[in-house]
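Peer 1: quick one: sequence and predicted model below, then my questions.
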Amino acid sequence: HQNEQDTPITRFQRYLRIKTAHPTPDYTSAINFLTQQAQSIPNLQIKTLSFSSSPHHIKPLLLLTLPGSNPSLPSILFNSHIDSVPAEPDKWIHDPFAATLTPEGKIYARGAQDDKCIGMQYLESLRNIQKDPNFKMPIRTIHVSYVPDEEIGGFDGMMKFVESKEFKDLNIGFMLDEGQTSINDEFRVFYADRAPWNLVIKAKGNPGHGSKLFDNSAMENLMKSVELMTKFREYQFDLVKDGLKMTSEVISVNPVYLKAGTPSPTGFVMNMQPSEAEAGFDVRLPPTADSDMLKRRITEEWAPAIRNMTYEITHKGPLRDYTGRPLVTPTNSSNPWWSVFEQAVIAAGGKLAKPEILASTTDAKYLRQIGIPTFGFSPMKNTPILLHDHNEYLEVSVYLEGIKIYESIMKGLSSFEGDTS
Ligand SMILES: CSCC[C@H](NC=O)C(=O)O
Ligand SMILES: [Zn+2]
Ligand SMILES: [Zn+2]
């Protein structure tokens with residue numbers, strides 16, 4: 001393939017074509033590709049780590065390092081995840097794994113926005129800044145990480161990485177992780193995530209003939225809860241609709257499954273009222289939410305024992321750091337990295353929107369938990385928000401501008417010599 005073009009765009013397309021979507025992400029091919037790319041860039045140290053809890057699943061993590069001239073200063077980490085959520089090819093206008101470039105200059109692919117764009121932009125930026133005739137070795141060391149499993153919680157990825165000796169030895173002072181697109185001219189930046197709770201509520205009740213009217217059936221008990229939770233959801237949603245709060249500033253409660261009934265070969269037995277019923281909810285809490293109050297609401301209203309109900313929170317994302325403070329990275333003068341970051345974006349001709357909380361969650365939480373300031377940032381503006389959606393795409397011009405933004409950020413952060421303690 002001598003005469004096949006090798007450009008930032010074709011390199012991005014090649015990364016997008018590697019099938020790293022769950023449930024069977026091909027991490028090996030992705031790591032091989034990224035390693036090969038890193039080898040073509042001067043001065044990069046390359047290391048592969050692994051923190052998988054299962055010997056049957058290879059979950060490598062790639063770490064690249066551009067050493068700084070003053071290794072005693074805390075270093076900077078640029079993180080992205082290798083994995084993507086699944087895609088339903090029949091529902092896309094282009095194959096989600098073909099990375100088709102359209103005549104309008106859009107690249108369609110699963111991962112185009114979330115977040116293979118930033119993974120490749122980091123590499124292009126590391127390549128470009130060193131080509132600059134005025135290039136000086138950075139003062140602070142720059143690390144770039146490619147982690148597995150973010151989309152499924154990061155338990156075998158970033159969560160274990162931050163607990164490792166390898167991580168502690170990096171002496172990281174500041175991290176940039178993924179953010180989201182903006183639909184206007186300003187780049188969005190995220191200083192916190194909402195914490196996810198997976199809530200399962202279960203009802204028991206009297207069974208009986210389908211024709212009978214009686215009190216305290218499992219379905220009646222469960223549906224009473226669904227009604228109350230729907231009311232709470234509406235109340236929170238109204239705060240958003242009325243413009244009083246952003247989506248990410250309220251508690252969201254969304255039903256994700258319902259399970260009840262007596263199965264039969266043709267579906268369900270229609271004339272039996274079941275003795276058990278259950279429902280699952282995706283609940284998200286802003287970092288300053290009163291989690292005790294939500295717990296009380298669950299025990300008293302949503303799953304009260306007097307209505308024969310029980311509940312389980314099967315997953316609870318962290319709300320506090322190791323000192324008990326909410327998981328937020330300051331965006332004021334108490335955090336010197338904030339203005340260095342902001343100035344670097346401005347120097348590249350970019351504008352930042354007012355910092356926000358991310359409605360979902362990323363691996364950023366694991367660094368915030370151990371006290372490392374972290375922002376979520378993906379330099380994509382004037383772009384519809386298509387992460388996890390059909391027809392995810394990114395415009396070439398937006399992608400290329402993002403590389404310039406990272407060049408400025410890498411230069412700005414790595415040459416910052418101020419006190420960050
Ligand atoms: C419970 S960890 C799941 C992480 C996932 N992150 C991106 O979408 C999310 O649902 O926010
Ligand atoms: Zn992501
Ligand atoms: Zn995602």
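Peer 2: Looks like it arrived, so ask away. Residues are numbered from 1 along each chain as shown. Ligands and ions are numbered 1, 2, ... in the order given.
Peer 1: mind checking the SS state of the nearest residue to Ser40 once chain neighbours are set aside?
Peer 2: Residue nearest to Ser40 in three dimensions, not counting chain neighbours: Arg127, with 7.7 Å by Cβ to Cβ, 6 or more residues apart in numbering. C-beta here means a position set from N, CA and C on the backbone, and glycine is covered the same way. Recorded secondary structure, Arg127: helix (DSSP: H, G, I helix; E, B strand; the rest coil).
Peer 1: contacting residues for Pro255?
Peer 2: With contact set as Cβ atoms under 8 Å, 6 or more residues apart in numbering, Pro255 has these partners: 226, 229, 279-281.
Peer 1: out of the residues you listed, which end up buried?
Peer 2: Among the contacts of Pro255, those scoring as buried are 226, 229, 279-281 (criterion: 16 or more other Cβ atoms under 10 Å).
Peer 1: looking at those residues, which is nearest Ser397?
Peer 2: Comparing the buried ones among the contacts of Pro255 against Ser397 with Cβ to Cβ picks out Phe281 as the nearest, at 40.2 Å.
Peer 1: ok so that closest one is a helix residue?
Peer 2: No: per three-state DSSP, Phe281 lies outside any helix segment and is strand.
Peer 1: save the contacts of Pro255 as TSV, and put in distance to ligand 1 too.
Peer 2: Written out in TSV, the entries for these read as follows (distance: Cβ to the nearest ligand atom, whole Å):
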residue	distance to ligand 1
Val226	22
Met229	19
Ala279	18
Gly280	13
Phe281	13
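Peer 1: got the buried ones among the contacts of Pro255 as JSON lines, with distance to Phe190 columns?
Peer 2: Formatted as JSON lines, these follow (distance: Cβ to Cβ, whole Å):
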{"residue": "Val226", "distance to Phe190": "31"}
{"residue": "Met229", "distance to Phe190": "27"}
{"residue": "Ala279", "distance to Phe190": "30"}
{"residue": "Gly280", "distance to Phe190": "26"}
{"residue": "Phe281", "distance to Phe190": "24"}
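Peer 1: what is the nearest of those residues to Lys202?
Peer 2: Using Cβ to Cβ, Ala279 is the member of these that lies nearest Lys202, at 8.3 Å.
Peer 1: OK, contacts around Gly179?
Peer 2: Residues touching Gly179, when contacts are defined by Cβ under 8 Å, 6+ apart, comprise 187-190, 358, 375-378.
Peer 1: my guess is the residue nearest to Ser40 contacts Ile41. True?
Peer 2: Yes: counting by Cβ atoms under 8 Å, Arg127 does reach Ile41; the two are 4.7 Å apart.
Peer 1: re the thing from before, what's the pLDDT at the residue nearest to Ser40?
Peer 2: For Arg127, the model assigns a pLDDT of 97.
Peer 1: who touches the helix or strand where Asn198 lies?
Peer 2: Asn198 belongs to strand 195-204 when elements are defined using DSSP states H and E. Strand 195-204 is touched from outside by 218-219, 221-222, 225, 253, 275-285, 287, 289, 298, 302-303, 307-319, 327, 360-361, 365, with contacts defined as Cβ under 8 Å, 6+ apart.
Peer 1: do that again at 7 Å, thanks
Peer 2: Defining contact as Cβ atoms under 7 Å, 6 or more residues apart in numbering, one finds that strand 195-204 is touched by 218, 221-222, 225, 275-285, 287, 298, 302-303, 308-319, 361.
Peer 1: stretch 141-150 now?
Peer 2: Contacts to stretch 141-150, defined as Cβ under 7 Å, 6+ apart, come from residues 25, 27, 34, 59-68, 71, 75-83, 119, 122, 154-158, 161, 170, 172, 362-363, 410, 414.
Peer 1: C-alpha coordinates for that stretch, PDB please?
Peer 2: Listed in PDB are the C-alpha atoms of stretch 141-150, where the atom choice follows Å, rounded to 0.1, in the frame of the first residue of the first chain:
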ATOM      1  CA  THR A 141       6.100  15.600  31.200                       C
ATOM      2  CA  ILE A 142       3.000  14.900  29.000                       C
ATOM      3  CA  HIS A 143       1.400  11.500  29.200                       C
ATOM      4  CA  VAL A 144      -1.400  10.100  26.900                       C
ATOM      5  CA  SER A 145      -3.500   7.100  28.000                       C
ATOM      6  CA  TYR A 146      -5.800   4.800  26.000                       C
ATOM      7  CA  VAL A 147      -7.900   2.900  28.500                       C
ATOM      8  CA  PRO A 148     -10.300   0.000  28.000                       C
ATOM      9  CA  ASP A 149     -13.900  -0.400  29.300                       C
ATOM     10  CA  GLU A 150     -14.900   3.200  30.000                       C
END
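Peer 1: that one and ligand 2 in contact?
Peer 2: No: with Cβ under 5 Å from the ion as the criterion, ligand 2 is not reached by stretch 141-150; the gap is at least 5.7 Å.
Peer 1: tell me the buried residues in that stretch?
Peer 2: In stretch 141-150, residues buried by neighbour count (16+ other Cβ under 10 Å) are 141-150.
Peer 1: now render these as a markdown table, adding secondary structure.
Peer 2: Formatted as a markdown table, those follow (three-state DSSP):
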| residue | secondary structure |
| --- | --- |
| Thr141 | coil |
| Ile142 | strand |
| His143 | strand |
| Val144 | strand |
| Ser145 | strand |
| Tyr146 | strand |
| Val147 | strand |
| Pro148 | coil |
| Asp149 | coil |
| Glu150 | helix |
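Peer 1: among those, which one sits closest to ligand 1?
Peer 2: Using Cβ to the nearest ligand atom, Glu150 is the member of the buried residues of stretch 141-150 that sits closest to ligand 1, with 6.3 Å.
Peer 1: measure the residue nearest the centre of the chain to Arg368 for me?
Peer 2: Relative to the mean C-alpha position of the chain, the nearest C-alpha, by Cα atoms, centre = their mean, is the one of Thr362, at 3.1 Å. With distances defined as Cβ to Cβ, to the nearest Å, the gap from Thr362 to Arg368 amounts to 10 Å.
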